[in-house]
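A.B. asks: sharing a model that was predicted from the sequence below.
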Amino acid sequence: MKQLTVLSSVLLLALSGCGKKEGMETPGAGKKITVGFSQIGAESAWRTANTQSIKDEAGKRGINLQFSDAQQKQENQIKALRSFIAQGVDVIAFSPVVETGWEPVLQEIKQAGIPVILTDRAVDVSDLSLFTTFIGSDFVEEGRRAGKWLAEKTGGKAQIAELVGTPGSAPAIDRKKGFEEVLAKYPGMKIIKSQSGDFTRAKGKEVMESFLKAPDAKQINVLFAHNDDMALGAIQAMEEAGVKPGQDILIVSIDGVKNAFEAMAAGKLNCTVECNPLIGPQLFDAVDSIMAKKDLSKRLVVQEGVFDQSKAAAELPSRKY
Ligand code: AHR
């Protein structure tokens, strides 16, 4: 997300602490706030947890949530956004499947006078007034964290196969960027294969199968997967091919879902960089601020960490997603 300034974690923590305010303005006495939310789909365990967090929080706060699942298609998201305009919702929020192609519909929303909150993924637009705030992770930093962990673990020597996320999506673009930034400092670390697994377990498995059938398959000693679901699919492919995941091929991925912790505890995955999907509370804090006409930062970053096998067993019982 090139256009946005990343704020310091101190400021972000302060902002994420904003709760529902007493006496805030609502759209009329006794009238519920209506929020239209367009979700990308249900492509991963991360996404399912993200949807649940948003629905649960809306329920707790008595928000009338108009939820729409786009099944990973931008055209479906655009249709949903237009239907939110037609319904006259108070706030529109969405997780854009890809970064580009949003300007026309965002202009329509602006003309209708409806504030927009971006969640999870950013858009690439030149006019920043087209949205009020963006709440999400720092994907470039996640890619860097994966790269740094790997450099330390391998002493800067790795022949890497990369499972890329959905082409054109912010996490796929930014995680690759952050990872390659680290690799640039280590001439002994090279990406020798790279293909999209679309953030799904099935596609991650399929692409890993093809990597393992390639003539140079034996050179691969590391897998970097842009999310846990693709890594979990790849683990299955490795086991079916007689390759020991976590040993013959080191695996680092991103998200930190429960299944990834289980795989780490079983020694099959080596590291997961956390990407926290539980952003429902931050989203509806932002909605409250908008309804109360309070100032809102343009960028709210979610706090997250890095977990390797040494921390997996201790973390697993309390893992929420
Ligand atoms: O945008 C966040 C990414 O989208 C998560 O890493 C991935 O699992 C999901 O599909």
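C.D. replies: Sure, I can see it. Note that the structure is a prediction, hence the values are computed from the model and not measured. Residues are numbered from 1 along each chain as shown.
A.B. asks: run me through the strand neighbours of whatever helix or strand residue 250 lives in, direction for each.
C.D. replies: Of the helices and strands defined by DSSP states H and E, residue 250 is found in strand 250-255. Strand 250-255 sits in its sheet next to strand 222-225 (parallel), strand 271-274 (parallel), going by DSSP bridges.
A.B. asks: export those to JSON lines and tack on mean neighbour count?
C.D. replies: In short, each C-beta sits where N, CA and C put it, glycine included. Shown next, in JSON lines, are the strands paired with strand 250-255 (neighbours: other C-beta atoms under 10 Å):
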{"stretch": "strand 222-225", "mean neighbour count": "27"}
{"stretch": "strand 271-274", "mean neighbour count": "26"}
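A.B. asks: mind putting these in a markdown table, distance to residue 34 included?
C.D. replies: Formatted as a markdown table, the strands paired with strand 250-255 follow (distance: least, C-beta to C-beta, whole Å):
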| stretch | distance to residue 34 |
| --- | --- |
| strand 222-225 | 38 |
| strand 271-274 | 32 |
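A.B. asks: any chance of those strands in JSON lines, plus distance to residue 253 and mean pLDDT?
C.D. replies: Output for the strands paired with strand 250-255, formatted as JSON lines (distance: least, C-beta to C-beta, whole Å; pLDDT from 0 to 100):
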{"stretch": "strand 222-225", "distance to residue 253": "4", "mean pLDDT": "99"}
{"stretch": "strand 271-274", "distance to residue 253": "5", "mean pLDDT": "98"}
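A.B. asks: ok, now which ones touch the residue nearest in space to the middle of the chain?
C.D. replies: By C-alpha atoms, centre = their mean, the chain has its centre lying nearest to residue 120, at 5.4 Å. Applying C-beta atoms under 8 Å, 6 or more residues apart in numbering to residue 120 gives the contacts 40, 50, 95, 135, 136, 137, 277, 279.
A.B. asks: return the subset of these lying in strands.
C.D. replies: 135, 136 (DSSP state E).
A.B. asks: need the contacts of residue 120 in CSV with pLDDT, can you?
C.D. replies: Shown next, in CSV, are these (pLDDT from 0 to 100):
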residue, pLDDT
40, 98
50, 98
95, 98
135, 98
136, 97
137, 97
277, 98
279, 97
